[in-house]
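In: Return atomic coordinates for the entry below.
(one chain, ligands or ions: 1)
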Amino acid sequence: MRSLSIHSASAELASLTKRRVVYILPSGGHTIMTVKKSVPWYSERAGFFGPLYFVEYARALTPQRTRREVRFVIRTLGLRPGARILDLACGHGRHSVAFAREGLDVTGQDLNRFFLESAKEAARTEGVSVHFVRSDMRRIPFRSRFNAVVNLFTAFGYLGSDVEDAKVIQQVAKSLKPGGRFLIDTQNREWLMRHYRRSRNERLPSGVVVTSERRFDFETGRNQEIRTYRLSNGRKKVFKLDMRFYALNEVIRMLADAGLSYERAYGDFNGRPYSMDSRRMIVVARKP
Ligand SMILES: C[S@@+](CC[C@H](N)C(=O)[O-])C[C@H]1O[C@@H](n2cnc3c(N)ncnc32)[C@H](O)[C@@H]1O
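Out: Presented below is the predicted three-dimensional model:
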């Protein structure tokens, strides 16, 4: 495969997949063609949120970290046993399962079957009941149901435009009960800018070598990355990531546009205030 430069890559990224399509011709006959179809980088077919995600993030996502995050959410949102919570983009269910263990009534929603299956297995192993739903975050199939919605570990800003991201917040607002709260946890854009690394080259404990080329587009606020995993069997997997990083004032505006009132921003899961030195931006809002 040709090597990809981030500047020329948008049309020829790893998430291009080959598909065979039958075209019906005007004559009534047909022809079969192989076409390349572009799929969103975060989709199941693109494969970024698949087994390699665990290889990359296993070190970061420790049980202690999850416990701290869950305790913070429960305390900050004032959730009591029996409260209904939606874990939006729940991934492999690390928070969903822990919330259920704390007695909450949990729904986990995600787009990727691979993660949902891991989440279901984790719930079974822990002996807790969680309702898992497969759906894009632009469609939350509930209305006025939840006391809280959470979106954790930078699971926002993936969609193709600000308009698409705004739909997610609108769906969150719809799914909350009056008085319900929304907590969103993403990487802090101001910190990212101060510590920006254009490239990365690292050997993970598993032996997989990760290299990245990154570029921040100031006009769109999007961070674009080409990430390559070199596996120990010599194979190579290349993914493109393309994420919008919002400044706090932009998030507050999106919340307001969806009818949610901004309450507070934190800089970490110990409750420290948000600043340009915080790695995280944790925003809490309320549905009036
Ligand atoms: C960085 S992971 C975070 C997972 C989980 N919240 C955690 O803290 O471990 C992002 C998650 O978003 C999910 N996701 C990506 N695009 C999505 C979409 N359009 N709709 C719903 N979920 C999506 C992925 O499948 C993945 O599980």
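In: I'd assumed residue 286 was in contact with residue 77.
Out: No - in this structure residue 77 lies outside contact range of residue 286 using CB atoms under 8 Å: 9.5 Å. No exception for glycine: its C-beta is placed from N, CA and C like everyone else's.
In: Between those two, which contacts overlap?
Out: residue 181 (CB atoms under 8 Å, 6 or more residues apart in numbering).
In: Between these two, which is the more surrounded one?
Out: It is residue 77, of residue 77 and residue 286, that has more neighbours when counted by other CB atoms under 10 Å, with 20 against 16.
In: any idea how far residue 206 is from that one?
Out: Distance check for residue 77 against residue 206: by CB to CB, to the nearest Å, it reads 36 Å.
In: same deal with residue 129?
Out: 33 Å.
In: what's the answer for residue 218, then?
Out: For residue 218 relative to residue 206 (CB to CB), the value is 35 Å.
In: more crowded one of these two?
Out: residue 206 (14 against 7).
In: How about residue 61, nearest residue that isn't a chain neighbour?
Out: Excluding its sequence neighbours, the residue lying closest to residue 61 (CB to CB, 6 or more residues apart in numbering) is residue 94, at 6.4 Å.
In: Surely that neighbour touches residue 122?
Out: Yes - counting by CB under 8 Å, residue 122 is a contact partner of residue 94 at 7.4 Å.
In: if I look at the closest residue to the ligand within the stretch 51-200 of the chain, how far off is residue 171?
Out: Of all residues in the stretch 51-200 of the chain, residue 91 sits closest to the ligand, at 2.6 Å by CB to the nearest ligand atom. Distance, residue 91 to residue 171, by CB to CB: 18 Å.
In: again, but for residue 208
Out: For residue 208, the distance to residue 171 - CB to CB - is 35 Å.
In: Ok, residue 165 next?
Out: On the measure of CB to CB, residue 165 and residue 171 end up 11 Å apart.
In: Tell me where the stretch 1-150 of the chain has helices.
Out: Assigned by DSSP state H, counting those that start in this stretch, the stretch 1-150 of the chain shows helices spanning 51-57, 63-77, 94-101, 113-126.
In: and what of the stretch 151-288 of the chain?
Out: Using DSSP H, counting those that start in this stretch, helices in the stretch 151-288 of the chain cover 162-175, 189-194, 248-257.
In: Format the ones you listed as CSV; extra columns: mean pLDDT.
Out: Output for the helices of the stretch 151-288 of the chain, formatted as CSV (pLDDT from 0 to 100):
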stretch, mean pLDDT
helix 162-175, 98
helix 189-194, 98
helix 248-257, 98
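In: Please identify the most buried of the ones you listed.
Out: helix 162-175 (a mean of 19; mean count of other CB atoms under 10 Å).
In: any idea of the angle that one forms with helix 248-257?
Out: For helix 162-175 against helix 248-257, the angle between stretch directions is 50 degrees (axes from the mean of the first three to the mean of the last three CA atoms, to 10 degrees).
In: Are helix 162-175 and the ligand in contact anywhere?
Out: No - using CB under 6 Å from any ligand atom, helix 162-175 stays clear of the ligand, coming no nearer than 8.1 Å.
In: hmm, who's touching that helix?
Out: Applying CB under 8 Å, 6+ apart, the set of residues contacting helix 162-175 is 86, 88, 137-140, 142-146, 149, 151, 156-157, 159, 182, 244, 246, 254-255, 257-260, 287.
In: Tell me what residue 215 is bridged to.
Out: residue 224 (DSSP bridges).
In: ok now do residue 190, which residues does it touch?
Out: By CB under 8 Å, 6+ apart, the neighbours of residue 190 are 247, 275, 276.
In: JSON lines for the residues you listed, including distance to residue 42 and pLDDT?
Out: Formatted as JSON lines, the contacts of residue 190 follow (distance: CB to CB, whole Å; pLDDT from 0 to 100):
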{"residue": "247", "distance to residue 42": "22", "pLDDT": "98"}
{"residue": "275", "distance to residue 42": "29", "pLDDT": "98"}
{"residue": "276", "distance to residue 42": "27", "pLDDT": "96"}
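In: out of those, who's nearest the ligand?
Out: residue 247 (20.0 Å).
In: so who does that closest one touch?
Out: Counting by CB under 8 Å, 6+ apart, residue 247 makes contact with 189, 190, 221.
In: please redo it, this time with the cut-off set to 10 Å
Out: By CB atoms under 10 Å, 6 or more residues apart in numbering, the residues touching residue 247 are 188, 189, 190, 193, 221, 253, 281.
In: and the two most separated of the residues you listed?
Out: By the measure CB to CB, 193 and 253 form the most distant pair in those, at 19.3 Å.
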